[in-house]
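K.L.:
only the shape, not the letters, is given here:
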DNA sequence: TTCGGTACTTACCTCTGGGTAAGTGTGGAG
DNA sequence: CTCCACACTTACCCAGAGGTAAGTACCGAA
């Protein structure tokens, strides 16, 4: 998203929320973690077709700082790291569900009118 | 937002929705139009402290294309243009209200713990 | 006669979000 | 002995999101 995160004085709650979700893959990470409960780094990478490792790490760190996700490190070889939603992350995901439904409606509407927009096909 | 709008195949409804709200001022424009019902260009500019005319126009045009807002031109001198939400824009705004509440909660939480984050003060 | 207000458009520039690719340390498999 | 998988880190690069400032056409007020 090209929306620059302000993390400064907010005008209303919406942009305080948007600020935290701003980032190309953040809402998808939330969605993925919500669906699977807990996921490893590699699983997330494979689950989000097109993410670069750099951005995945960066987004995960920011979301951890923002208190949205929990990072559990298992000191094994090879290393294992598991990510999961915190209560705040879970509630954020719930808050986004309405937007998700709206988005699905929109995709349906667009598909119904001529403009062929497909959802997750042959990505 | 530096979140790049994809307008391509979406993975889930959430990013289809996010795609349309991606843009530094879009959610604020939605909020402003929802609060006032109908607003003129200059009113919006003054209502969103910090917005540049270029970005305001650009966002308004994109949101009009996306069917979120309606643009009514009054051929007077000086010219008058009024913006308002379409039904789709209104429902999107409703879908964002949960995110707005979450954001407010978050601001309260942050304020409660040491990190002083203020909402719309001496912008 | 100049200024201000309306709603823009245009050219130019900066900043940074995001991508690409290579490197790191360890151990097991082949 | 080499390769691969894990979960990263680092350096470098580019496109585009967003900002700045000036210009446009019109009229009324000072």
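P.N.:
Looks like it came in fine. Computed from a predicted model, the values in this text were never measured in an experiment.
K.L.:
which stretches of chain A form strands?
P.N.:
For chain A, the strands defined by DSSP state E cover A:38-40, A:69-74, A:80-85.
K.L.:
doesn't residue A:84 make contact with residue A:37?
P.N.:
Yes: using Cβ atoms under 8 Å as the test, residue A:37 is close enough to residue A:84 to be in contact (6.5 Å). In this view, the C-beta of every residue, glycine as well, is placed from N, C-alpha and C.
K.L.:
pick out whichever of those two has more residues nearby.
P.N.:
Relative neighbour count places residue A:84 above the other of residue A:37 and residue A:84, with 16 against 9, counting by other Cβ atoms under 10 Å in any protein chain shown.
K.L.:
how close does that one get to DNA strand C?
P.N.:
Per Cβ to the nearest atom of the strand, to the nearest Å, residue A:84 is found 22 Å from DNA strand C.
K.L.:
still on that earlier bit, mean pLDDT added to the strands of chain A, as CSV?
P.N.:
Converted to CSV, the strands of chain A look like this (pLDDT from 0 to 100):
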stretch, mean pLDDT
strand A:38-40, 96
strand A:69-74, 96
strand A:80-85, 96
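K.L.:
okay, these in TSV with distance to residue B:47 next?
P.N.:
Formatted as TSV, the strands of chain A follow (distance: least, Cβ to Cβ, whole Å):
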stretch	distance to residue B:47
strand A:38-40	41
strand A:69-74	35
strand A:80-85	35
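K.L.:
out of these, flag the one nearest chain B.
P.N.:
With Cβ to the nearest Cβ, the closest approach to chain B among these belongs to strand A:80-85: 13.5 Å.
K.L.:
direction included, what does that closest one pair against?
P.N.:
With DSSP bridges as the test, strand A:80-85 is paired with strand A:38-40 (antiparallel), strand A:69-74 (antiparallel).
K.L.:
so where do the helices sit in chain A?
P.N.:
In chain A, the segments counted as helices under DSSP state H are A:13-21, A:26-36, A:41-47, A:53-65, A:87-112.
K.L.:
just name the most buried of these.
P.N.:
helix A:13-21 (a mean of 25; mean count of other Cβ atoms under 10 Å in any protein chain shown).
K.L.:
residue A:91 against residue B:102, yeah?
P.N.:
Yes: with contacts counted by Cβ under 8 Å, residue A:91 reaches residue B:102, the gap being 6.3 Å.
K.L.:
where does chain A have low pLDDT?
P.N.:
For chain A, applying pLDDT under 70 flags the ranges A:1-8, A:114-123.
K.L.:
hmm, back to that, right, and the helices of chain A - which one's nearest DNA strand C?
P.N.:
helix A:53-65 (3.6 Å; Cβ to the nearest atom of the strand).
K.L.:
which strands and helices sit next to that closest one?
P.N.:
Where contact means 3 or more Cβ pairs under 8 Å, 6 or more residues apart in numbering or on different chains; DSSP states H and E, helix A:53-65 is packed against helix A:26-36, helix A:41-47, strand A:69-74.
K.L.:
what's across from residue A:71 in the sheet?
P.N.:
Beta-bridge partners of residue A:71, as defined by DSSP bridges: residue A:83.
K.L.:
ok, it touching residue A:62?
P.N.:
No: counting by Cβ under 8 Å, residue A:71 stays clear of residue A:62, with 11.9 Å between them.
K.L.:
that older thread, in JSON lines, list the helices and strands packed on helix A:53-65 along with distance to DNA strand D.
P.N.:
Compiled in JSON lines, the helices and strands packed on helix A:53-65 are given as follows (distance: least, Cβ to the nearest atom of the strand, whole Å):
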{"stretch": "helix A:26-36", "distance to DNA strand D": "13"}
{"stretch": "helix A:41-47", "distance to DNA strand D": "3"}
{"stretch": "strand A:69-74", "distance to DNA strand D": "7"}
